[in-house]
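Student: Just the structure for this:
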Amino acid sequence: LDIGFDFLQKRRPRLYLAQEKQSNDAFKLRMNELKKFKSKHGHCNVLYSDMNHRSLYNWCSFICRSYPIYVAGTSKKAMTLKLTEARVQELLDIGFDFLQKRRPRLYLAQEKQSNDAFKLRMNELKKFKSK
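Tutor: Next up is the predicted model:
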């Protein structure tokens, strides 16, 4: 029985179009949030320790992890955010640093403490050697 339906047609289902629109809307929403953050703080480096912006921090981290994949020209199906040339340019225009190290402040404090201890020990060693 032929009812004239082409089962092999190559059209994108509405579901994918809806997901693409949702992804674009989500990106615009986060970009606006990042722009507000920059206007308030003067930079785009959202810290993990800032509880008011934890969700924005997670998004920025995801962007930073996605960037090498974008540059390499490969794609992972698991990644829901697709970086495009336009999106990358929009992020660059507001001063986003894709290569920044995103370490929680706790680790930075531990690193500073470790550096301070090292400097203290070096000074003690220098004093001992000069005797």
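Student: packing partners for the host helix or strand of residue 68?
Tutor: Element membership of residue 68, judged by DSSP states H and E, is helix 54-72. On a contact count with 3 or more CB pairs under 8 Å, 6 or more residues apart in numbering; DSSP states H and E, helix 54-72 meets helix 14-41, helix 85-93. Any C-beta I mention is one placed from the backbone N, CA and C, and that applies to glycine too.
Student: In CSV, list those along with mean pLDDT and mean neighbour count.
Tutor: As requested, these are arranged in CSV below (pLDDT from 0 to 100; neighbours: other CB atoms under 10 Å):
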stretch, mean pLDDT, mean neighbour count
helix 14-41, 82, 13
helix 85-93, 92, 13
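Student: would you list these in TSV and tack on distance to residue 59?
Tutor: Output for the helices and strands packed on helix 54-72, formatted as TSV (distance: least, CB to CB, whole Å):
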stretch	distance to residue 59
helix 14-41	5
helix 85-93	11
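Student: Ok, which of these comes nearest residue 50?
Tutor: Nearest of the helices and strands packed on helix 54-72 to residue 50, taken as CB to CB: helix 14-41 at 9.1 Å.
Student: and the helix holding residue 68, what's its mean pLDDT?
Tutor: Summarised as a single mean, pLDDT over helix 54-72 is 87.
Student: so it versus helix 14-41, what angle?
Tutor: Taking axes from the mean of the first three to the mean of the last three CA atoms, to 10 degrees, helix 54-72 and helix 14-41 form an angle of 110 degrees between their directions.
Student: Only C-alpha atoms, please: export helix 54-72 in CSV.
Tutor: Below are the C-alpha coordinates for helix 54-72, written out as CSV (Å, rounded to 0.1, in the frame of the first residue of the first chain):
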residue,chain,number,x,y,z
ARG,A,54,28.7,29.5,40.5
SER,A,55,26.5,28.7,37.5
LEU,A,56,28.3,31.3,35.4
TYR,A,57,31.6,29.9,36.5
ASN,A,58,30.6,26.4,35.4
TRP,A,59,29.5,27.7,32.0
CYS,A,60,32.8,29.6,31.6
SER,A,61,34.7,26.4,32.5
PHE,A,62,32.8,24.5,30.0
ILE,A,63,33.6,27.1,27.3
CYS,A,64,37.3,26.8,28.2
ARG,A,65,37.2,23.1,27.9
SER,A,66,35.3,23.3,24.6
TYR,A,67,37.7,25.8,23.0
PRO,A,68,40.6,23.3,22.2
ILE,A,69,38.0,21.0,20.6
TYR,A,70,36.7,23.9,18.5
VAL,A,71,40.3,24.9,17.5
ALA,A,72,41.2,21.3,16.6
